[in-house]
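In: test case, fold it:
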Amino acid sequence: MSVVKGEEARVQAELVNAAVAHNGVFSSCIDLNRVNASRWQQSAKDAADLSTTLEDLHKTTTELVQEGQVWRQARSVATAAVSNHQKMVEILEIPQTLDVCLRAEMFHEALLILDFSKNLLSQRGTRDSLSLLDQLEENVGKTLHAALLTVVVPRLSQHLPLNTAVKLISFLRRLHTNDDVLTQLFLDCKTSFLDQCLQEASTLSHTPYAFLSKLLNVYKVHVAEAVHQFKACFSSAELPRLASWCNERADVFLAAFDGRLQLVTNGAEVASLTDQTANVCAASVKVGTDIGPLLMERICQRGFQLFSAQIQGASSAFRAAMQSISWKLPAGGSSQLQRVDAEVSPSAGPPPAPLVLLQFLPLAYAMNGILSAFNEIRRCAASAIAWPCLEELGVFLRVIITDVQRVHSASLLMEAHEQESLKRFRKALTDEFLPHVWTCAKRVFPSKEALLSELELVVESEVRSLRDVAPHAAPPHPHTASEATVAAAASPPVAE
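Out: Numbering: from 1, shown residues only. Next up, the predicted model:
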């Protein structure tokens, strides 16, 4: 045991001595170990950084490959665009070409362009790869919409021939427009056009007659034109809507006609409107829009109003003259009527008014008013106003007879020469005034002889008491009258 212990002590002593002797080596090893540990850590870090860099490199390489593919695709598209330059230009010009065709009313060509663009757009692949065609589709849609609002629809609101109207409606129908919408659009456009025509007629007309003449022409031409176009463009199932539209336009037309007709104060203008209305009837009856009876009723009513106004004026003038008349004969006068007959050739037409009436101003005024009234209606003396006009005339004649009877009843209080003047007055009334009135009435109303005969019998029964068959003395000098009154009383109505 002692030997072992001694050996251990010796070994231990040698180890201590060796450690002391090699202390520098041990210190160097420790330092090297520290350096190696530090380098190992740096190597591990570099390995981690290298791994990250490899991942980034792989990602970058993948992106580079994708960019290369995109570039090759873009290069292929560019090469194809260069080789098909002319076709691309034509495709890009499709919206402009469509607009030119629509403005030139080349609707068939416009439909061909639309069909071509639809076929072209239907053959494309993915939308992302053909943005040019997407832009083309958008531009074509905008161009078509703008042309419809600024060209096609406004064209329907203008005066256009039948073939153009058919082309416009056919073009809109080819665009898959609903028939109900298309029918309403057509009628609305025609309504706008007719309203514009009425506005222009009102603006450009300086007289009521000019406006009414233009109004009749608008209805004669444009309403019939609209009906023809509607029947050519739409089926018979839409005719009820056309009839309703025609009724509405007729109401508007008649309202405008009534408003201006009351301002017409010339019988010649009324007669001209009568002739124009006959032409309107002849044209509108062919298309089923005849409002001739309504127009003639209004025109005849206006003619009667003018006739009545003249008769009322004549009645006022007669009454005023009767109140101021003097029954005294001029010095050297006689009870005989003084004839003042004008020479009339056989071809001069209707007989002139008897100038002997100028000796009695009340009868001259009355005859002048009656002739003026007949002249107001001589060309529009329709059967519809014959009875009211003759009734108005009969009332006026009875007023004259009543006034003369009133004066005659007081003749007993007159002096002899005044009674002689009154006899001459009654003689002029019964033998000159009334016969000429009946002659003129028969020329104005040639188809109403029975009615005239009845009125003549009624008046004759009232005037019978005024007839004086006693002989008269020499004719007196006529009352002084102005040349204007002579001309007015001597102007007979000219019947056609």
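In: going forward, measure contacts between C-alpha atoms and count neighbours the same way
Out: Fine.
In: neighbours of S38, how many?
Out: Residues within reach of S38, counting by other C-alpha atoms under 10 Å, total 12.
In: mean confidence score for stretch 175-186?
Out: Taken as a whole, stretch 175-186 has an average pLDDT of 87.
In: sorry, wrong one. I was asking about stretch 77-93.
Out: When pLDDT is averaged along stretch 77-93, the result is 71.
In: with stretch 284-293 instead?
Out: Averaged across stretch 284-293, pLDDT comes to 75.
In: mind listing what's buried along the helix or strand where F396 lies?
Out: Using DSSP states H and E, F396 sits in helix 383-409. Neighbour-count burial for helix 383-409, counted by 16 or more other C-alpha atoms under 10 Å, picks out 385-386, 389-390, 392-394, 396-398, 400-401, 403-405, 408.
In: before we move on, what about stretch 112-126?
Out: Using 16+ other C-alpha under 10 Å as the test for burial, stretch 112-126 gives 113-114, 117.
In: return it as CSV; C-alpha atoms alone will do.
Out: Only the C-alpha atoms of stretch 112-126 are listed here, as CSV (Å, rounded to 0.1, in the frame of the first residue of the first chain):
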residue,chain,number,x,y,z
LEU,A,112,-72.7,45.9,-90.9
ILE,A,113,-70.0,47.7,-88.8
LEU,A,114,-71.8,46.8,-85.6
ASP,A,115,-72.1,43.2,-86.6
PHE,A,116,-68.4,43.1,-87.5
SER,A,117,-67.4,44.6,-84.1
LYS,A,118,-69.6,42.1,-82.2
ASN,A,119,-68.0,39.2,-84.1
LEU,A,120,-64.6,40.5,-83.4
LEU,A,121,-65.2,40.9,-79.7
SER,A,122,-66.8,37.5,-79.5
GLN,A,123,-63.6,35.8,-80.7
ARG,A,124,-61.3,37.3,-78.1
GLY,A,125,-59.7,35.1,-75.3
THR,A,126,-59.0,36.4,-71.8
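In: which residues of the stretch 201-350 of the chain fall in helices?
Out: Residue ranges of the helices in the stretch 201-350 of the chain, as given by DSSP state H, counting those that start in this stretch, are 208-218, 224-233, 239-261, 267-284, 292-324.
In: for those, which one sits closest to G6?
Out: With C-alpha to C-alpha as the criterion, G6 lies closest to helix 224-233 of the helices of the stretch 201-350 of the chain, at 138.3 Å.
In: and the helix holding F396, what's its mean pLDDT?
Out: On average, helix 383-409 scores 85.
In: helix 292-324 and that one, what's the angle between them?
Out: Interaxial angle of helix 383-409 relative to helix 292-324 (axes from the mean of the first three to the mean of the last three C-alpha atoms, to 10 degrees): 10 degrees.
In: tell me which helix or strand comes right after helix 383-409.
Out: helix 416-428.
In: between the helices of the stretch 201-350 of the chain, which gets nearest to N33?
Out: Nearest to N33 among these is helix 224-233 (106.8 Å), distances taken as C-alpha to C-alpha.
In: export the buried residues of stretch 112-126 to CSV and tack on distance to P362 and secondary structure?
Out: As requested, these are arranged in CSV below (distance: C-alpha to C-alpha, whole Å; DSSP: H, G, I helix; E, B strand; the rest coil):
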residue, distance to P362, secondary structure
I113, 85, helix
L114, 84, helix
S117, 89, helix
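In: from the buried residues of helix 383-409, which single one is nearest C233?
Out: Of all those, I385 has the smallest distance to C233: 42.7 Å, by C-alpha to C-alpha.
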